[in-house]
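[1] with the input below, show me the fold.
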Amino acid sequence: MTSQIEVRSKFLALKGGLNAQFLERGAVINGLLMALVARQHVLLLGVPGTAKSALGNALCGALKGAEYFQWLLTRYSTPEEIYGPVALSALKLDKYKRVTTNKLPECHVAFLDEIFKANSAILNTMLTAVNERKFHNNGGAVSIPLEMVIGASNELPESEELGALYDRFLLRFWVESLQSDDNFTELLMATEPGTLSVSITLDELHQAQAEAAAIPVSRAVAEELATMRREIGAAGLPQASDRRWRAAVTLLRAEAWLAGDAQVGSDHFGVLADALWSDPDQRDEVRKIVMKHCASGVAEGRAIYDGIADLIARLPQSGDARKAALASVAMEARRAGTALTALFDTAATAGSRDALAGLLADMETMLVPVKAEARKALGLG
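    Coordinates of the predicted model:
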């Protein structure tokens, strides 16, 4: 069996390789790897053309021996497209059996585009596959090797029927077009991405899943999560179900495993910000509550980040006042970057360092248009 350190090193190398190929997708990539280790599912919301399917394809391509299934759903999609055609030879014997070769019941990673276009003929079977890893075929329930479903959509589900499917996606990300001009330029100049140099076998994936599942969660951590849950409700935000909270603990264990930590701690809580909201408009409010419960260094880093976000939100709309404010924000951003870097350098655990690195990256992305406008206002570009 491969050592724990070697397996984790492969995951970190895969993370680095994906980040090099897919710019400004760090949070999504980190979430996909956590979900893979936790055997959970990920939903990517946002406009088409933001590399969602390419990212899923690259991730599965790095899993040696894994089968990948990708499909674009429409309201007219049929069960045969997803689960395979009915075997005519079986019908002659009065059996109703689907030929599932190269279809969802035989895949390890599935990418389902426009997933909320799924109709009722597909939906019930999909819920069973996603939640229980079972597929009913020829009168019996068959276990399927599904490790993760990546769903994509440019809209939220509207019906209660689709709401059940929506709830099965533990991590949810809003994916935007590239914000940085430099990254956009790199995208235009880039050749087609090559195969990633790192590969992870299915045995190594299963080893990582087992090791992560064994990481302990203390009563103190559980009580902190209960307090967080109460505060989210007190803020008037929709409450996640008990099932969702329990599933969220598997993400915390996966985050701790990827960070090389022996137990779950409050510095791993940051991932919950992408697991506990229902509507994208609620994400920032949920994130504020989650980050309040993170380890002190991470919470301090979040306060610094929120301070810069608040300055940007309060920029005057136009005129000389805006130009002056832009210069002030640019100066405060430099100080904030220095402070976040100092917190990163002194962080006690890998989980804290990951959270602070994410805040740094998010702040840089947020500041890209502000810095460009400030340079233009000063006549520098």
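
[2] any low-confidence regions in the stretch 251-381 of the chain?
    For the stretch 251-381 of the chain, the stretches with pLDDT under 70 are 295-296, 348-351, 378-381.

[3] ok, 90 please
    For the stretch 251-381 of the chain, the stretches flagged by pLDDT under 90 are 259-262, 265-268, 270-271, 278-281, 283-284, 287-335, 337, 339, 341-381.

[4] quick check: Ser153 vs Phe69, distance?
    According to Cβ to Cβ, to the nearest Å, Ser153 and Phe69 sit 17 Å apart. (Each C-beta comes from the backbone N, C-alpha and C, glycine too.)

[5] and these two? Which one has more around it.
    Between Ser153 and Phe69, counting by other Cβ atoms under 10 Å, Ser153 is the more crowded of the two (22 against 19).

[6] surely that one touches Pro48?
    No. Using Cβ atoms under 8 Å, Ser153 makes no contact with Pro48, being 10.0 Å away.

[7] what is the helix or strand that contains Ala54 packed up against?
    Per DSSP states H and E, Ala54 falls inside helix 52-61. Contacts defined by 3 or more Cβ pairs under 8 Å, 6 or more residues apart in numbering; DSSP states H and E place helix 52-61 against helix 4-21, helix 26-38, strand 68-72, strand 109-113, strand 148-153.

[8] can you report how many residues lie near Ala339?
    Using other Cβ under 10 Å, Ala339 has 15 other residues around it.

[9] and the host helix or strand of it, what does it pack against?
    When elements are assigned from DSSP H and E, Ala339 belongs to helix 319-346. Helices and strands touching helix 319-346, by 3+ Cβ pairs under 8 Å, 6+ apart, are helix 296-313, helix 350-377.

[10] let me see the contact set for Thr125.
    Contact analysis of Thr125 by Cβ atoms under 8 Å, 6 or more residues apart in numbering lists Pro79, Ile82, Tyr83, Phe135, His136.

[11] will you turn the residues you listed into a markdown table that also has distance to Ala377 and pLDDT?
    Formatted as a markdown table, the contacts of Thr125 follow (distance: Cβ to Cβ, whole Å; pLDDT from 0 to 100):
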| residue | distance to Ala377 | pLDDT |
| --- | --- | --- |
| Pro79 | 58 | 91 |
| Ile82 | 53 | 94 |
| Tyr83 | 58 | 93 |
| Phe135 | 59 | 91 |
| His136 | 63 | 88 |
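
[12] so which of those belong to strands?
    Of these, the ones assigned to strands by DSSP state E are Phe135, His136.

[13] quick check, nearest of the contacts of Thr125 to Arg219?
    Nearest to Arg219 among the contacts of Thr125, counting by Cβ to Cβ, is Phe135 at 38.2 Å.

[14] burial count for the closest one?
    By other Cβ under 10 Å, 23 other residues sit near Phe135.

[15] how far away is the closest residue in space to it that isn't next to it in sequence from Leu63?
    Nearest non-adjacent residue to Phe135, counting by Cβ to Cβ, 6 or more residues apart in numbering: Pro105, 4.3 Å away. Relative to Leu63, Pro105 is positioned 18 Å away (Cβ to Cβ).

[16] same check, this time on Glu204
    9 Å.

[17] same check on Val264?
    For Val264, the distance to Leu63 equals 25 Å [Cβ to Cβ].

[18] hang on, the earlier thing: higher neighbour count, Pro105 and Leu63?
    Pro105 (24 against 21).

[19] and the more buried one, that's in a strand?
    No. Judged by DSSP: H, G, I helix; E, B strand; the rest coil, Pro105 forms no part of a strand; its state is helix.

[20] my guess is it contacts Ser143, does it?
    No. The criterion here is Cβ under 8 Å, and Pro105 misses it with Ser143 at 9.6 Å.

[21] what's the ChimeraX syntax to select whichever of the contacts of Thr125 are buried?
    The buried residues among the contacts of Thr125 can be selected in ChimeraX (16 or more other Cβ atoms under 10 Å) with this line:
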select :79,82,83,135
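
[22] break this protein into its domains for me.
    Per automatic domain parsing, the structural domains of the chain span 4-207, 217-377.

[23] where's Val142, which helix or strand?
    Using DSSP H and E, Val142 falls within strand 140-143.

[24] what bridges to Leu63?
    Counting by DSSP bridges, Leu63 is bridged to Ile200.

[25] so it makes contact with Ser199?
    Yes. Counting by Cβ under 8 Å, Leu63 touches Ser199, with 7.4 Å between them.

[26] and the residue nearest to Asp274 when sequence neighbours are not counted, how many neighbours does it have?
    Among residues not flanking Asp274 along the chain, Leu171 sits closest, at 5.3 Å (Cβ to Cβ, 6+ apart). By other Cβ under 10 Å, the residues close to Leu171 number 25.

[27] swap in the one 5 residues further on?
    Glu176 has 12 neighbours, counted by other Cβ under 10 Å.

[28] phi, psi of the residue nearest to it when sequence neighbours are not counted?
    Nearest in space to Glu176, with sequence neighbours left out and distances taken as Cβ to Cβ, 6+ apart, is Gly46 at 6.0 Å. Main-chain dihedrals, Gly46, degrees, to the nearest 10: phi 140, psi 180.

[29] Gly46: what's it in contact with?
    Neighbour list for Gly46: Lys52, Asn154, Trp174, Val175, Glu176 [criterion: Cβ under 8 Å, 6+ apart].
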